[in-house]
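**Student:** The sequence and its predicted three-dimensional model are supplied below.
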Protein chains: 2
Amino acid sequence: MAVKKVKKELDTTTEAKIKAAARVVFHKKGFAATRTRDIAEEAGINLALLNYYFRSKEKLFDIIMLETMQGFLKSIAMEFNNDKTTLEKKIEIISSAYIDLLIVEPQVPLFIMSELRSNPNELLQNLNTKQIIMNSAFAVQYQQAIKQGKIAPQHILHFIMNLMALTVFPFVASPMLKIIGDVKDEHFGKLMVERKKMIPIWIKAMMKAK
Amino acid sequence: MAVKKVKKELDTTTEAKIKAAARVVFHKKGFAATRTRDIAEEAGINLALLNYYFRSKEKLFDIIMLETMQGFLKSIAMEFNNDKTTLEKKIEIISSAYIDLLIVEPQVPLFIMSELRSNPNELLQNLNTKQIIMNSAFAVQYQQAIKQGKIAPQHILHFIMNLMALTVFPFVASPMLKIIGDVKDEHFGKLMVERKKMIPIWIKAMMKAK
DNA sequence: GTCTATAACGTGATAGAC
DNA sequence: GTCTATCACGTTATAGAC
């Protein structure tokens, strides 16, 4: 059958299998600690194929890194630029969507942050999330709310830090939290679900405080 | 002079120089990405001396890791167990002390968290911070405040997560935040100082919200 | 204790048969 | 496209002179 492969089958392509495996292993161990052999094994393919399709470990990594960053920032960036929703609604949507995302792929934030630490962040410059967020519909609404005295006059970066901190940090710190708090995986999951309700409430309280 | 070295001089010992260098490099790059040669160079000593004093890269790493974790958790653990201070005062002291600490060594949390990710956490088990926090004076005060209706009935781990998130996360995520927010290092530092004042205010507002 | 030289090993990448 | 075999190199660790 010389029929062109349809999209559904893309995941079973050798190339796709390698990418999927690379994603898993890189996310779990980071660039320096993963061996190309780990990826090949995870993908169930031969080591040579990795270089055949992607030329080098680094090239493969760059692809995974870029896609991961895009996936991670896309959800905020989009909702920040949605001019149909109120400030409060945005907070609910973002934190809820993020926690759902992180329950599925809890290693992503730590992966991104630890890789960004050493890398001369050329990769990031390409993601034009930069001014997309600071000039977003959200930013406008935020400044308006301050002018109207609805929220305390705090730098918008504090807001972004706080929102991300409350949603993302527990996943980044989970190994430590599980030990400090002596919490099992299942219980930890329950706490995260609770946070979906609480974070918007907490954030709103914070924004008014001064 | 066969006089025993006094404490002040300990830092100039070869062994101490290696440890100090190892701390710097491991914190910056993590275990997998650092080469013993990097440490030797940073310490200004010969590579062979590293193995002479510490037997292996891994043994040296374990020492740094343990000391770093202890330093990082000591400050919370101590204040949590201080029964002379009120709940509110504890929050102020902890967040302020932490931010001061992190301004000096901003790489520490990311180092700890990324190394903890892969490691079978035998190291952590030794730190008996485990039940020290959950059975602390703070924990008692926290439960009392809930009973007295002073704060919303939320699992104490949520509180710990929130306090750590607000103080620690900006340092963990700083590379990303600097790009998203287009912030220079100097401005970032100013934001962190602002947070010393704000975090206790925010936390108190959150604790009452429901 | 400190150095140089080198051994022993792991890992990324490729050549070449199929 | 996929495999086996192997190269080339960097890195950890040690032997042995000083």
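**Tutor:** Here it is on my side, so go on. Given the structure is predicted, the values throughout are model-derived calculations rather than measurements. Numbers count the residues shown, from 1 in each chain, chains lettered A, B, ... in the order given.

**Student:** Show the pLDDT at the residue sitting nearest the centre point of chain A.
**Tutor:** By C-alpha atoms, centre = their mean, chain A has its centre lying nearest to A:Phe72, at 3.1 Å. The model reports A:Phe72 with a pLDDT of 91.

**Student:** How about the helix or strand harbouring it and DNA strand D, touching?
**Tutor:** Element membership for A:Phe72 (DSSP states H and E) is helix A:57-80. No: in terms of C-beta under 7 Å from any atom of the strand, no part of helix A:57-80 sits within range of DNA strand D; the closest distance is 13.0 Å. C-beta coordinates here come from the backbone N, C-alpha and C atoms, glycine included.

**Student:** Run through the neighbouring helices and strands of that helix.
**Tutor:** helix A:14-33, helix A:47-54, helix A:87-104, helix A:108-118, helix A:122-126, helix A:129-134, helix A:137-147 (3 or more C-beta pairs under 8 Å, 6 or more residues apart in numbering or on different chains; DSSP states H and E).

**Student:** Mean pLDDT lowest where, among these?
**Tutor:** Here the lowest mean pLDDT among the helices and strands packed on helix A:57-80 goes to helix A:122-126, at a mean of 67.

**Student:** Tell me the buried residues in stretch A:49-68?
**Tutor:** Residues of stretch A:49-68 classed as buried: A:Leu50, A:Tyr53, A:Phe54, A:Lys57, A:Leu60, A:Phe61, A:Asp62, A:Ile64, A:Met65, A:Thr68 (neighbour count, 16 or more other C-beta atoms under 10 Å in any protein chain shown).

**Student:** would you list those in TSV and tack on distance to DNA strand C?
**Tutor:** Listed next are the buried residues of stretch A:49-68 as TSV, based on distance: C-beta to the nearest atom of the strand, whole Å:
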residue	distance to DNA strand C
A:Leu50	7
A:Tyr53	10
A:Phe54	8
A:Lys57	4
A:Leu60	8
A:Phe61	9
A:Asp62	12
A:Ile64	14
A:Met65	15
A:Thr68	19
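
**Student:** returning to that earlier point: the residue nearest to the centre of chain A against A:Pro109, yeah?
**Tutor:** Yes: counting by C-beta atoms under 8 Å, A:Pro109 is a contact partner of A:Phe72 at 7.2 Å.

**Student:** that older thread, please state the offset of the helix holding A:Phe72 from the chain centre?
**Tutor:** 8 Å (C-alpha atoms, centre = their mean, to the nearest Å).

**Student:** And stretch A:90-99, by the same measure?
**Tutor:** With C-alpha atoms, centre = their mean, you get 12 Å for stretch A:90-99.

**Student:** For that stretch, buried residues please.
**Tutor:** Those would be A:Lys90, A:Ile91, A:Glu92, A:Ile93, A:Ile94, A:Ser95, A:Ser96, A:Ala97, A:Tyr98, A:Ile99, for stretch A:90-99 by 16+ other C-beta under 10 Å.

**Student:** Backbone dihedrals for A:Ser136, both of them.
**Tutor:** Dihedral pair for A:Ser136: phi -80, psi 170, per degrees, to the nearest 10.

**Student:** Verify the stated contact: it with A:Phe80.
**Tutor:** Yes: taking contacts as C-beta under 8 Å, A:Ser136 lies within contact range of A:Phe80: 4.0 Å.

**Student:** Can you pull the residues of chain A lying near DNA strand D?
**Tutor:** Going by C-beta under 7 Å from any atom of the strand, the residues of chain A near DNA strand D are A:Thr14, A:Ile45, A:Asn46, A:Leu47, A:Ala48, A:Leu49, A:Tyr52.

**Student:** Nearest to A:Gln148 among those?
**Tutor:** For the residues of chain A next to DNA strand D, the closest approach to A:Gln148 (C-beta to C-beta) belongs to A:Thr14, at 57.3 Å.

**Student:** The closest one: how many residues sit nearby?
**Tutor:** A total of 15 residues lie near A:Thr14 under the criterion other C-beta atoms under 10 Å in any protein chain shown.

**Student:** Tell me how far it lies from A:Asp38.
**Tutor:** Look at A:Thr14 and A:Asp38: by C-beta to C-beta, to the nearest Å, they are 17 Å apart.

**Student:** now do A:Met207
**Tutor:** As judged by C-beta to C-beta, A:Met207 and A:Asp38 stand 45 Å apart.

**Student:** Those two: who's more crowded?
**Tutor:** Each of A:Met207 and A:Asp38 has its neighbours counted (other C-beta under 10 Å); A:Met207 has more, 23 against 17.

**Student:** Next, count neighbours for A:Leu163.
**Tutor:** Using other C-beta under 10 Å, A:Leu163 has 21 other residues around it.

**Student:** That one reaches A:Pro200, doesn't it?
**Tutor:** No: in this structure A:Leu163 lies outside contact range of A:Pro200 using C-beta under 8 Å: 9.5 Å.

**Student:** residues shared between the contacts of these two?
**Tutor:** A:Ile91, A:Ser95 (C-beta atoms under 8 Å, 6 or more residues apart in numbering or on different chains).
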